[in-house]
Every structure is written in C-alpha cells, then in structure tokens.
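Peer 1: Dropping a prediction and its sequence here:
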Amino acid sequence: MHVEVKVPEIRVPQVQTQPEPANRREKGSGEASDEGRPEAHSPVRRFLLARGNSAVADLGFHWLMVLCALSIFGIVVLIVWELLKGSHLAWASFHFGFFYKSYTDAYTGQTSFWDPVNGQFSAVPFVYGTLVSSFLALLIAVPLAIGVAIFLTEMCPRVLRGPLAFLTELLAAIPSIVYGLWAFFELVPLLRGQVNPLLTRTLGWTGFFSDDNPTGLGFVAAAVILAIMILPIISSLTREVMTAVPHSQREAVLALGATRWEMIRMGVLRNARIGIVGGIILGLGRALGETMAVTMVIGNTPEIHKSLLSNGSSMASVIANEFAEAVSDLHRSALIEIGLALFIVTIIVNALAQVLVWAVTRGAPSQAH
Amino acid sequence: MSRGQFQFRSRLRGATDVAVTTLAILATVLVVTPLLAIFGYLLYKGGASLNMAFFTNVPKPPGELGGGMANAILGSAILLLLASAIGIPIGIGGGIFLAEFGRGSKLANAVRFTADVLNGVPSIVMGVGVYGLIVSQRHFYIPFSGHFSAFSGGVALGIMMIPTVCRTTEEMLLMVPHAVREAALGLGVPNWRSVLSITVRTASPGIITGCMLAFARVAGETAPLIFTALGNQFWSTSLNQPIAALPLQIWIYAQSPYDDWHRLAWAGALVLIVLIVLSVSLVRYVTSRGVLKGTS
C-alpha cells in the first residue's frame, strides 16, 4: 500500500455573513438572486464591488454571460420544439399505435411494420433492434470493463497504469465512423467466417443463433462493435468511483486477513457499486444513441427475428439511412418521431446515470451500503 | 471447522484470488486488442493508399480510379471553424456565468442540468433538430436556411460543442482561488475586466483543454451532418451550398461497391484519426504542464 499525499487546495477561509436584504434591490427577477452564493460574496469582495465605478460595463458583461447561459436553454427548447412539430403528422396518424402495431399488406398478405410505399409506419422493429443490440453490448462490455477497472486500479504495476489508461482513453476518442469502417471491413468477415458458425454449432439449438444469414451483419455484429465503443466509458467511470473509495476501507479488509480479491469484492466493489451501476447506465445511454457504427453493421432491415445473427435495424440507424431520402412527408415525420422517442429515452437514462454517479463520488462512499 | 476443512477453504480462497487476477488481466488484454487491431488496420490500409493526390484532388466520378478528398478536408476545416466560432464563445460564456455569477442559484442549476442533457442527446437527434430548425424551412431571421448548407452543418456541430466547453470552463474557473479575484478587484479593476483578464486567464490551460476535447469530439461526427451539410462531390467553399466533410465522405465511400473508394475511405479515416489523436495528445501535454488540472 502506498501512501497518497494530497496537496491541500488553496482556499481563502470563508467568512460567513448574513444575507443582507438591503443588497438585493434592483434584482427584480428574484429567482437568480444572491441567496445561495456564499463564496462569491466575501465581505472584502462585496465592498470592492460596491466601490467600483464600472457599473454599466459590469452589468452589461453580466447580462452577456446570462445570455450565453440562456442560449443553452434556448437550444434545447428549440430542438424539442422542432422534434414535436416535425413528428406531429406521424403522431396524428398513428398515435400510440406507432410503438406497438404491425400492418398486413392487402395484396401480399405479409405482415410488416415499416412500409413507406403504403404509408404504414410502426417503430416496433427499431425499438426492438435498439434494445437488443444495446443490452447485448452491455452483456459483453460490463464484465470486461469492470475487469479492466479492477486491473488498472488494484493490480496494475505503476509502469503500465499510465499507458493503459491512455489507451482506453484513446478508445473513447476514436470517432464512431472509424469504428464502423473497421467493423464493416474486418469484424464482419471475422464473424461471418469464424464466430457465427461456432455460435450456430454450439448454441444453435436455442433458436437464437440460427444460420439463415450468410452476410455476417446483424445484431451480434452491432453488439460487438457497440461493446467496444462503450467499454471505455464504463471502465473509466468505474475506475473513478473505485478510486473514490477511501484507502482505509481496503486496509480494514486486508487487516482481517482477506485475499486481494476478497479485499476488492468487500472493500471496493461493495462501496462503489452504485457508481458502477451509474457508469453502466451511462454506457447504455451511449449505446442507445450510437448511430454510424451500428448503421454500417446491423443490416438495416425493418424486421424482427428471433435469431440474433439475423439482420435488423435500430432507431438511430433507420434515421441515418432513410431521412435524407424520405419518400413522403409522413415518412419523414415518422422518422422524426423515432428521433423524439430516442431523445426522451436517452435523457431519462442519462439523468439516472448522473444521479447515481454523483451519489458515489460526491457523497460519503463509506456509507453507501 | 476441522483442520482439513480449514485448509481446503483457504486453498479455495487462494485459487479464487488467482483466478480473478487472471480474468482481470485477460479482460485488459481483450480490451486492448481491438484498439491495437483498429490502429493496425488503419495504418496498414490507410497508409498504403495515402498519397499526394489524396490531399490535392477532388473525388473522381464512379468508375474512374484515383481522386482524393481535398474538398472533404477543406469542408471539414470550414465546418469545424464555424462550429468553434459558435460553440466556444457561447460555451465559455455559459461557463463564466455558472462559475462567476450564478453560483448556487436556481438558474445556474437549471443551466447546468440542461447542458448535461444536451451532452447526452444522440448526435443523430441533434441532426434532426437542426434539420427542422434550419434546413426544412426558409426563415427570414436565419441565414442560409431552407436547404442543405454548410452553415447548418456548422451550427449542428457548434451546438454539440457547447456543453463540453461550458462545463469544463465552469470546473476550471471554480479552481481559481478567490484571493486572485479579490486582488484584482482591490487594484480597482472592474469586475468584467477581472473576470476576463484575471480569472479566465488563470484558468486558460484547462479551458483550452475543454475546447480541444469538444473539437476532437465533433471532428469525427458524421450523423448530424448527413442531413445538414449533406456532402458534396465538388470543390465548394460556400456556406450556402452543401459541403463535403471528411467523416461524411468516409461513410459514402465505405458504402460504395468500389474497391478504390474503400481505399480512399481508409485513407480518410487515417487522416481523421491522426487529427484527433494529435489534439488529444496536445490536450494531455497542456494539462500535464499547466498548474490547473481538471477531471476531464
């Protein structure tokens, strides 16, 4: 165990002052007042600010910055508004049926979900594709990511730690189009030639890995490339929350005679588990919205098959593929509605993840039992 | 517990420990392998097809060999310049508001939450939003609106830069000691001047890091450009016209049935990744030198 020396933060000792109601004149808008800003208003600073004679310039600067901050609001509101407006046509035509119905072609008698020619749209196969590929990706990525995080924080020789952390960071910096390119030209042939036949032979009896798709594209290919892409996010967050666990926790477990794995399990993982779940959910958020790499390998057919080796389509991939050449207003509107659904789902998932990560890294980790 | 049982248990514990260690090492190897494979293939395939023509020629029509991505490189440069011009000032301004003016206020919390939301929005959805905002209709108050244009692509990328820049700026400014601010105010410097020339200046290495990270992130974005910038096979510098971009061109070429275009796609990917790795390394260099270190 090495002892970590922490450099103390430089901080001016804070003087608690009572909020002075007299100082709150001029601020008509109320909400954004001085109430909860203890640090910004040390007495010295308040005195100096009051003495200054640049009130006009300061006020102007202040409002300019407020404007910048408000524009962030504005952007989100505008995007939501545009999504709502754009999806209105599809919503008016299909309502909630958009997310569960299927259609039967009057001439061929075939069941379909997505029929731009006849103007019938249902998001079911895309929702299914997004969920299946994302969860399959999590299934692959989570154990690996936690393994990497454990190795990097608890076992790795110090020489290797820096380069390995840098490498996993680099993995996060590669653009998704490059992942897609690699997956399309290298990973898919590998799956087609070696992995998929193996899966069919060993697990074919379950029905999830039937060999009716000779292309190598499909959910499994999408899940593998997604797993590679979300791994760095999950593992770096896991690493972060694992480092946040105080050393005394590890030392206490070791002192009881635990082996290293027992120390990690009881001292580290147990304390960090909420944060790890947060990291996993954040990875899920990324996987749900990932577009280019998935589009290139998932096969892009709006169908539902039991076999994971068959072609499919995800919410993001159908937008990327069809939006620019949508045949009708209704078609485009249906695609925008899929975008809106994706937007809402990712917001919920991300908010959940942030709350969980925040609970561990900001709160007291030793109490998180 | 008998002696035998005890020995068995302790041996089992030892074995589990070894097994887990092995698994962790194995996982790390498994994770590092695809990364090395990707870089290896990029260097192998991209390096082999990278030549002067790639940087100087525009794409040839289908069927003809050769050609390059000069227009896509220029297009990416224009788009990223526009994106930075939009994203960086607004992001830094928002960060200054969060750290200097709005600390702890409800408005600041709301802005912070919104920025995080914006950060999590899938890039394809951002593309759809900007399409609805700028591309789908002609607005008299939005320049170049009503059709696919370089401008709309730049706006989409710029919006995506804002949350990263904003949150890093805030984090960095919060690390500047209060004494510095008070010293500036004590010398009679107006508040706006003290914020810009003292606080922001002190935190500038960290802020630059944030900007570079945001830049590297949007440099590789394809999804929001598909229906904003659209792509262009010709040399174009107009903000009013569809424009090519490196990632977009890679996508178009990768989907094509021509081997020669696949070759160009690999070369494009190599150029893109070199650009991004350079900026990330630069960021690491700057942050390792600077006094202020951020979490990102």
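Peer 2: Received the coordinates, thanks. Numbering: from 1, shown residues only, chains lettered A, B, ... in the order given.
Peer 1: what about the longest helix in the chain?
Peer 2: Picking chain A for this. Counting residues, the longest helix in chain A under DSSP state H turns out to be helix A:55-94.
Peer 1: You answered for a different chain; I wanted chain B.
Peer 2: Under DSSP H, chain B gives helix B:3-41 as its longest helix.
Peer 1: got the buried residues for the helix or strand just after that one?
Peer 2: Moving toward the C-terminus from helix B:3-41, the next helix or strand (DSSP states H and E) is helix B:47-49. Burial within helix B:47-49, assessed by neighbour count using 16 or more other Cβ atoms under 10 Å in any protein chain shown, is assigned to B:Ser49. To be clear about C-beta, it is placed using only N, CA and C from the backbone, and glycine gets the same treatment.
Peer 1: quick one: low-confidence ranges for the chain?
Peer 2: In the absence of a named chain, this looks at chain A. A:1-41, A:51-53, A:360-369 (pLDDT under 70).
Peer 1: To clarify, I was referring to chain B.
Peer 2: B:1, B:287-296.
Peer 1: how does it look with 50?
Peer 2: B:291-296 (pLDDT under 50).
Peer 1: Just give the nearest non-adjacent residue to the residue most central in space within chain B, would you?
Peer 2: Centroid check for chain B by Cα atoms, centre = their mean gives B:Arg217 as the closest residue, at 1.1 Å. Closest residue to B:Arg217 apart from its sequence neighbours, by Cβ to Cβ, 6 or more residues apart in numbering or on different chains: B:Thr164 at 6.7 Å.
Peer 1: where's the one you found, which helix or strand?
Peer 2: helix B:150-174.
Peer 1: Next secondary structure after that helix?
Peer 2: helix B:178-186.
Peer 1: Could you tell me the angle between that next one and helix B:150-174?
Peer 2: 100 degrees (axes from the mean of the first three to the mean of the last three Cα atoms, to 10 degrees).
Peer 1: Contact residues of the stretch 251-369 of chain A facing chain B?
Peer 2: For the stretch 251-369 of chain A, the residues in contact with chain B (Cβ under 8 Å from any Cβ of the partner chain) are A:259-262, A:264, A:285, A:288-292, A:296, A:316, A:319-320, A:323-324, A:335-336, A:339-340, A:342-343, A:346-347, A:349-351, A:354.
Peer 1: Make a ChimeraX selection of the buried ones in these.
Peer 2: Selection of buried members from those for ChimeraX, criterion 16+ other Cβ under 10 Å:
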select /A:259,260,261,262,264,285,288,289,290,291,292,296,316,319,320,323,335,336,339,340,342,343,346,347,349,350,351,354
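Peer 1: at contact distance from chain B, anything in the longest helix of chain A?
Peer 2: Yes: shown here: helix A:55-94 in contact with chain B (Cβ under 8 Å from any Cβ) through A:57-58, A:60-62, A:64-73, A:75-76, A:78-80, A:82-83, A:85-86.
Peer 1: what element comes up after that helix heading to the C-terminus?
Peer 2: From helix A:55-94, the next helix or strand downstream (DSSP H and E) is strand A:103-104.
Peer 1: Can you list the strands that that next one pairs with?
Peer 2: strand A:111-112 (antiparallel) (DSSP bridges).
Peer 1: And the contacts of the strand it pairs with?
Peer 2: A:Ser102, A:Tyr103, A:Thr104, A:Asp105, A:Gln120, A:Pro302 (Cβ atoms under 8 Å, 6 or more residues apart in numbering or on different chains).
Peer 1: distance of the fourth one from A:His95?
Peer 2: Relative to A:His95, A:Asp105 is positioned 21 Å away (Cβ to Cβ, to the nearest Å).
Peer 1: Over to the third one?
Peer 2: The span separating A:Thr104 from A:His95 equals 19 Å under the rule Cβ to Cβ.
Peer 1: Check B:His178 too.
Peer 2: Relative to A:His95, and taking Cβ to Cβ, B:His178 is found at 56 Å.
Peer 1: A:Arg161 too?
Peer 2: From A:Arg161 to A:His95 the distance is 54 Å (Cβ to Cβ).
Peer 1: buried residues in the longest helix of chain B?
Peer 2: B:17, B:20-21, B:23-25, B:27-28, B:31-32, B:34-35, B:38-39, B:41.
Peer 1: same thing with stretch A:102-118?
Peer 2: In stretch A:102-118, counting by 16+ other Cβ under 10 Å, buried: A:Tyr103, A:Ser112, A:Phe113, A:Trp114, A:Pro116.
Peer 1: And these, which is closest to chain B?
Peer 2: Nearest to chain B out of those is A:Pro116 (Cβ to the nearest Cβ; 16.5 Å).
Peer 1: Quick one: residues contacting that closest one.
Peer 2: A:Pro116 touches A:Glu322, A:Ala326, A:Val327, A:Ser328, A:His331, counting by Cβ under 8 Å, 6+ apart.
Peer 1: let's see it at 7 Å
Peer 2: Residues in contact with A:Pro116, defined by Cβ atoms under 7 Å, 6 or more residues apart in numbering or on different chains, are A:Val327, A:His331.
Peer 1: Does anything pack onto the helix holding B:Thr164? Which helices or strands?
Peer 2: Applying 3 or more Cβ pairs under 7 Å, 6 or more residues apart in numbering or on different chains; DSSP states H and E, one finds that helix B:150-174 contacts helix A:55-94, helix B:70-96, helix B:106-120, helix B:123-130, helix B:204-219, helix B:223-226.
Peer 1: cutoff 6 Å now
Peer 2: helix B:70-96, helix B:106-120, helix B:123-130, helix B:204-219 (3 or more Cβ pairs under 6 Å, 6 or more residues apart in numbering or on different chains; DSSP states H and E).
Peer 1: what's the closest non-adjacent residue to the one residue in the stretch 201-350 of chain A that gets nearest to chain B?
Peer 2: Nearest residue of the stretch 201-350 of chain A to chain B, counting by Cβ to the nearest Cβ: A:Gly289, 2.6 Å away. Among residues not flanking A:Gly289 along the chain, B:Pro122 sits closest, at 2.6 Å (Cβ to Cβ, 6+ apart).
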